[in-house]
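Here is the input, now give the coordinates:
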Amino acid sequence: MSKKQGSLSRQAIVRLRAGDLILRGFDNEEIIEILEVSLSSVQRWRKKIENEGLHALARHAGTGAEPKLTAEQFEELKAILTQGAVASGYLTDRWTSRIVADLIRKKWNVEYSRSQVRKILNDLGFSYQKPSVKSTKHSQEVVDHWRKHDWVRIKKSG
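Got it, this is the predicted structure:
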């Protein structure tokens, strides 16, 4: 479950509450009962506090790879996406993760997988939208007539 930056996850809150209880002298069984956690977790937290202090239970910054694009490039990407795919030279105005990955590769010479692109789009505030497809060949009256007459006849004979 992701949280906005700056707020604590449920796990972080539990760890810090456990640390507080440890420092206040509660034994392992009491902490297990209060927080509904495992004995091994309480033992691990107790050892960390003894060796490093309460701050050792706080969440540390992620150690993942640095983003391939800069913050400025992400902002530029967001502006490009807002203008539409046709404005960037694509035949459709529908952005797909494949098209966005192609745009990033062409513009910044950076490779992202489609799943990474979907995460980037989500981080930029874009969400998945499934387009509704309507036939341009027939009017709604023709479709309604077919449903009432032809479909009923076909359904009865089958």
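
From now on I want contacts and neighbour counts done on CA atoms only, so please keep to that.
Fine.

from the chain's centre, how far out does stretch 46-64 sit?
26 Å (CA atoms, centre = their mean, to the nearest Å).

Stretch 65-80 too?
Relative to its parent chain, stretch 65-80 has a centroid offset of 17 Å by CA atoms, centre = their mean.

I would like the residues contacting it, please.
Ser88, Ile104, Val110, Leu124 (CA atoms under 8 Å, 6 or more residues apart in numbering).

Relative to Asn51, which of those residues is nearest.
Nearest to Asn51 among the contacts of stretch 65-80, counting by CA to CA, is Leu124 at 40.4 Å.

what residues are up against the closest one?
Residues near Leu124 by CA under 8 Å, 6+ apart: Phe74, Lys78.

let's go with 10 Å and repeat that
Going by CA atoms under 10 Å, 6 or more residues apart in numbering, Leu124 touches Phe74, Glu75, Leu77, Lys78, Leu81, Arg118.

export those residues to TSV and tack on distance to Ser132, pLDDT and neighbour count?
Below are the contacts of Leu124 laid out as TSV (distance: CA to CA, whole Å; pLDDT from 0 to 100; neighbours: other CA atoms under 10 Å):
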residue	distance to Ser132	pLDDT	neighbour count
Phe74	29	94	18
Glu75	29	94	13
Leu77	26	96	19
Lys78	24	94	16
Leu81	20	94	21
Arg118	20	93	20
